[in-house]
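In: Structure for the following, please:
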Amino acid sequence: MADFLDEKRRELKQRLDELRPLVEEYHRLEAAVAALDGVNAGGAPARRRGGGGSGGANGNGGEGSGRRGRPRGSGTRGKQALELVRATPGITIPEIAEQMGIQQNYLYRVLPGLQKEGLIRKEGRGWHAMDAA
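Out: Numbers count the residues shown, from 1 in each chain. Take a look at the predicted model:
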C-alpha cells in the first residue's frame, strides 16, 4: 500500500511541476488582457488621464473627489490580487506579484486599499482574506 501511495504522490508532484509554467503564463496573459482593456482599437488610451494644463482646465467644472481616474484598488488587478489572497492565505506581496506577472510596487498601493475596505488583513508579511460573515 505504501508503494502505491508513494507512486501516486510522485505522479501528482510531477503533474504539478508540468502545470506550474502554464498557470504562470495564464496569470501573465490575464494581466495583459486587463491592461489592454483600457486601450481602444486605435491604440490610444480609452480615456485621458491628465491634461497639460492647470487643475480646472480639464472641463469637469470642479466636480468630484479631486482624484482622477477610478478609485484605488477597484481595477481588475485589485480583484485578481484579492482572489490570490483568498486562494493562498498568508501569501506575500512578492509572491502575488510573481503570480500576476507585475511589479511589486503596484501591490504596495493596492493591498492596503483592499485592507481599508475590510476585504483582507495583514499578518506579519502575509495577507489573509477576511472571513465572510
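
In: Centre of the chain to stretch 11-27, how far?
Out: Taking C-alpha atoms, centre = their mean, to the nearest Å, the mean C-alpha location of stretch 11-27 is offset from the chain mean by 20 Å.

In: I'd like the numbering to begin with 38 instead of 1 from here.
Out: OK, 38 is where the count begins now, so the last one is stretch 48-64.

In: ok, how many other residues are close to the closest residue to L144 other than its chain neighbours?
Out: With sequence-adjacent residues excluded and distances taken as C-beta to C-beta, 6 or more residues apart in numbering, L144 is closest to I130, at 4.8 Å. Using the backbone N, CA and C atoms, a C-beta is placed for each residue, glycine as well. Residues near I130, counting by other C-beta atoms under 10 Å, number 19.

In: can you tell me which residues contact G112?
Out: Applying C-beta atoms under 8 Å, 6 or more residues apart in numbering to G112 gives the contacts A71.

In: Read off the pLDDT value for it.
Out: We have a pLDDT of 71 for G112.

In: How about A78?
Out: On pLDDT, A78 comes in at 54.
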